[in-house]
Structure formats: C-alpha cells, structure tokens
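Chemist: okay, sequence plus prediction incoming.
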Amino acid sequence: MNKDNIDSEFLLGLARSKSQESRSNLTNIVLGLFEEKEGVLTDRERTLMFGILHSVVMEIEMSVRQSVATRLAGLADVPDDLIAELANDDIAVAYPILSASGLLRDEQLIDVIRLRTMEHQLAVTMRREVSEVVSGALVKAGNESVIVSLLKNQNAKISDNTMEYLVQQSQRVDSFQEPILHREDLQPDLAKRMFLWVSAALREHIIDNFKLDKATVDDLLEQIAQQEITSSSAPSTRKADELARILKEEGLVTVDMLLTALKEGEVPLFVSMFCKLSNLRQHLVMRLLFEAGGQGLAIACRGIALGKDDFLAIYRQSQKAKSVDAAESEEKIPELSAFYDKMSQSAAADVLRMWRRGSDYLGAIRELQITVGRNG
C-alpha cells in the first residue's frame with residue numbers, strides 16, 4: 001500500500017484485529033506511508049495515521065514500539081497525547097522521544113523526571129535544549145550520574161541558584177567538579193570558590209581559564225593552608241612549636257622524626273619542625289605540604305640539603321596524610337624524581353631566600369621549573 005492508495009477501511013480493519021501480527025503489520029504500513037518519498041500526506045491523512053498509531057501503539061511488541069518512537073522523534077506534528085505516551089514508555093522506547101523530540105513541553109519532561117526511572121532522566125539530559133526549570137528538576141531528583149550528564153551538556157540552561165547549589169555540593173561530590181569547571185556559563189566568582197577544594201590540576205584550569213591574578217591565587221592558597229591547620233586534630237600550634245624548639249636544640253629534628261610526625265598525624269609538629277629547618281613561615285610550609293603537585297616541597301627539601309630519597313619519603317607520607325590514593329601519588333614520582341635530580345642545591349636555596357622575603361611563591365616555582373627544564 002502506498003500514499004496514493006490509502007484504504008482507510010482496510011487500516012481500520014487491521015486496527016480492530018486483536019492479533020499481535022495484525023497490529024504489527026498495521027504499524028509498519030502506517031510508518032511506511034509517513035516515509036513515502038512520492039508526495040506528502042494530506043492533513044486528513046496524517047491525522048488518520050496518527051490516530052491509528054495512538055489506538056494500537058501500546059498493544060504492539062516492544063521492538064515495533066521502538067521503531068515507532070525512533071521514526072516519530074524527528075517529526076514536528078505528532079499529536080501531544082501520542083508523543084507523551086511514548087515518552088513515558090519503557091526507556092528503550094522513550095529514549096529517542098526524550099532525547100530528540102522538540103514537541104515535549106517542560107511540564108511533560110518534569111513529570112517524566114519525577115515519575116519515571118533514572119534512565120529516563122539521563123535521556124532528558126541529552127536533549128539539544130534543556131530549560132532552566134527542567135535542569136532544576138533534574139538536579140532536585142538528586143541522582144549523581146544524571147547531574148554529571150546534565151553539566152556536560154553545554155546547551156542545557158542552568159539557573160544561577162541551581163549552579164551555586166551544585167558548586168557547593170561539589171565540595172563533597174568530586175564527580176561534579178570537572179564538568180562544572182568546564183561549563184562556559186560558570187561565573188568566575190563560583191570558580192574562585194571551588195579553588196579551595198578541587199585538585200591541583202583543576203586549580204591550574206581555574207587559573208588559566210578564569211583570569212585569576214597572582215595575588216588572588218596566593219590568597220586562596222593561603223586560605224587552603226590555614227584550613228588544614230584549623231581542621232587538624234593534632235595538638236595546638238603553640239605546643240607543637242615548643243616541642244619542635246626543644247627537639248631542634250637536642251639535635252633530634254631529623255628526617256625520621258619528620259616522617260614519624262606525619263605517620264602519627266601530628267601535622268602541626270611536622271610543620272613546626274620543618275619551619276625550624278628551613279626558616280620558612282608556617283603557612284608557606286603548609287602549602288608546600290598539602291599541594292598535590294609536589295614541586296614546592298621538592299624545592300624546599302633540596303634547599304635544606306635533604307637527599308632525594310628523603311624528599312620522596314616525605315612526599316609519599318604527606319599524600320597518605322591527605323588520604324590521597326597511593327597509585328595516584330606514585331604516578332608523580334618519576335617526574336618529581338627527575339625534577340629533583342636536575343635542580344641544584346644552590347638554586348633551590350635561592351628560592352627559599354626569596355620565599356623568606358615574601359616573594360611570589362608560584363612565580364618562583366615556575367622560574368625554577370623553566371631553569372631546570374633548560375638545563376635538562
């Protein structure tokens with residue numbers, strides 16, 4: 001049967017039949033008529049076809065319903081009740097409608113988000129356009145993988161309030177951090193807020209993409225160091241300073257003692273002892289200890305004439321103190337080891353003198369990295 005020979009009585013007869021075979025044949029005939037290349041169905045004929053599909057679509061087998069949904073997803077005049085019915089079907093049927101049909105209204109999408117499965121929510125995140133209210137409903141549903149998928153869709157509109165909420169949640173949900181920071185609509189003030197809890201790699205991304213000046217970066221890093229001091233469960237800084245002074249006078253501030261302090265979770269004691277050895281300020285030693293990259297700590301250890309093995313032992317233990325995965329830490333060891341080998345003790349000592357005078361922390365590291373790279 002083709003478009004030029006539509007026998008409505010024949011089609012209605014198939015529709016009245018209760019057999020699965022008749023329903024499937026009917027559906028295939030109707031879909032074939034939509035796809036005929038010769039001519040275009042009249043409005044009356046299209047209405048008839050849609051009406052027949054709606055009367056039988058939920059009674060035909062899954063594979064045929066999938067075919068119906070795939071073919072109707074790209075049409076612009078499918079009746080509202082038919083498109084909504086398909087959108088609420090099993091995900092195998094609903095997916096092409098939810099992800100591609102432009103006919104679904106926001107309230108219909110929100111109903112699907114509220115009443116259907118996580119897979120239905122994921123399909124909604126794939127749409128070419130997602131409004132702020134639909135994004136808000138997806139976030140409110142609270143599924144982590146759905147929210148990550150939404151954040152990765154650059155065409156999805158996310159309200160300022162919703163984005164601020166997600167930024168705050170990213171402090172405890174690591175999977176939110178990278179997609180948030182790669183969104184083109186993220187405001188710089190929110191990116192700056194995230195600087196305090198994301199990884200070193202993402203901090204570099206923030207610096208490169210959100211135009212943070214050196215003074216701002218230094219302030220943020222100092223805040224991180226102070227947070228580490230405040231959150232530590234070790235003895236007070238004053239007691240740690242007094243103990244470090246006594247240990248230094250007794251000649252007991254050694255690498256073994258530094259490592260023991262870290263192993264025991266005595267971070268303030270480690271910091272105080274390292275301050276005694278390096279004459280660096282406390283907040284700066286905290287930065288050296290807790291920055292993931294390790295180059296600053298390498299420079300400080302080289303500058304006070306510690307051996308490479310001693311530095312690597314301190315670096316590994318500092319990563320354990322931060323609960324960093326051991327495999328992740330080990331990935332950086334070859335690069336840090338090579339950096340240490342190529343760096344002269346006098347050059348590192350020069351950097352320490354700059355830091356003691358309050359010179360630009362990051363700038364000094366970058367300059368030494370350039371020098372080491374040139375010498376290497």
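Modeler: Sure thing, it's come through.
Chemist: in the stretch 1-150 of the chain, which spans are helices?
Modeler: Assigned by DSSP state H, counting those that start in this stretch, the helices in the stretch 1-150 of the chain fall at 8-16, 20-34, 43-56, 62-72, 80-87, 91-100, 106-115, 118-125, 132-141, 144-152.
Chemist: can I get these in TSV with mean pLDDT and distance to Arg316?
Modeler: All C-beta spots, glycine's among them, are computed from the backbone N, C-alpha and C. Converted to TSV, those look like this (pLDDT from 0 to 100; distance: least, Cβ to Cβ, whole Å):
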stretch	mean pLDDT	distance to Arg316
helix 8-16	58	73
helix 20-34	65	64
helix 43-56	70	65
helix 62-72	81	53
helix 80-87	91	53
helix 91-100	94	46
helix 106-115	96	46
helix 118-125	96	39
helix 132-141	97	39
helix 144-152	96	31
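Chemist: where does the prediction get shaky in the protein?
Modeler: 1-42, 45, 55-61, 214-215, 218-237, 292, 322-326, 358-376 (pLDDT under 70).
Chemist: rerun at 50
Modeler: 1-5, 37-39, 233-235 (pLDDT under 50).
Chemist: picking that back up, out of the helices of the stretch 1-150 of the chain, flag the one nearest Gly307.
Modeler: helix 144-152 (43.7 Å; Cβ to Cβ).
Chemist: mind telling me what element Ala313 is part of?
Modeler: helix 308-321 (DSSP states H and E).
Chemist: which parts of that helix are buried?
Modeler: Neighbour counts over helix 308-321 (16 or more other Cβ atoms under 10 Å) mark 308, 310-319, 321 as buried.
Chemist: from the residues you listed, pick the one nearest Gly74.
Modeler: The closest of these, once distances to Gly74 are taken by Cβ to Cβ, is Gln319, at 51.8 Å.
Chemist: that closest one and Val198, how far apart?
Modeler: From Gln319 across to Val198, the span is 16 Å (Cβ to Cβ, to the nearest Å).
Chemist: also Trp355?
Modeler: Distance from Trp355 to Val198, by Cβ to Cβ: 24 Å.
Chemist: more neighbours, those two?
Modeler: Each of Trp355 and Val198 has its neighbours counted (other Cβ atoms under 10 Å); Trp355 has more, 25 against 21.
Chemist: how far is the helix or strand hosting the more buried one from where the chain is centred?
Modeler: In the assignment (DSSP H and E), Trp355 maps to helix 345-356. Helix 345-356 sits 37 Å away from the centroid of its parent chain (Cα atoms, centre = their mean, to the nearest Å).
Chemist: and what of stretch 182-193?
Modeler: On Cα atoms, centre = their mean, the centre of stretch 182-193 falls 13 Å from the chain's centre.
Chemist: which residues touch it?
Modeler: 151-152, 154, 157-158, 160, 163-164, 167, 180-181, 205-206, 209-212, 216, 220 (Cβ atoms under 8 Å, 6 or more residues apart in numbering).
Chemist: quote the end-to-end distance of that stretch.
Modeler: Start-to-end span of stretch 182-193 (Cα to Cα, to the nearest Å) is 15 Å.
Chemist: before we move on, what about stretch 178-188?
Modeler: 15 Å.
Chemist: any buried residues in that stretch, and which?
Modeler: 178-181, 183, 186.
Chemist: is it possible to get CSV of those residues that adds secondary structure and distance to Thr47?
Modeler: As requested, those are exported to CSV (DSSP: H, G, I helix; E, B strand; the rest coil; distance: Cβ to Cβ, whole Å):
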residue, secondary structure, distance to Thr47
Glu178, helix, 49
Pro179, helix, 44
Ile180, helix, 46
Leu181, helix, 50
Arg183, coil, 43
Leu186, coil, 46
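Chemist: next, give me the two most distant ones among those residues.
Modeler: For these, the farthest-apart pair by Cβ to Cβ is Glu178 and Leu186; their separation is 11.6 Å.
Chemist: Val173 - nearest residue in space that isn't next to it in sequence?
Modeler: Leaving aside its chain neighbours, Val173 sits nearest to Glu144 (6.3 Å; criterion: Cβ to Cβ, 6 or more residues apart in numbering).
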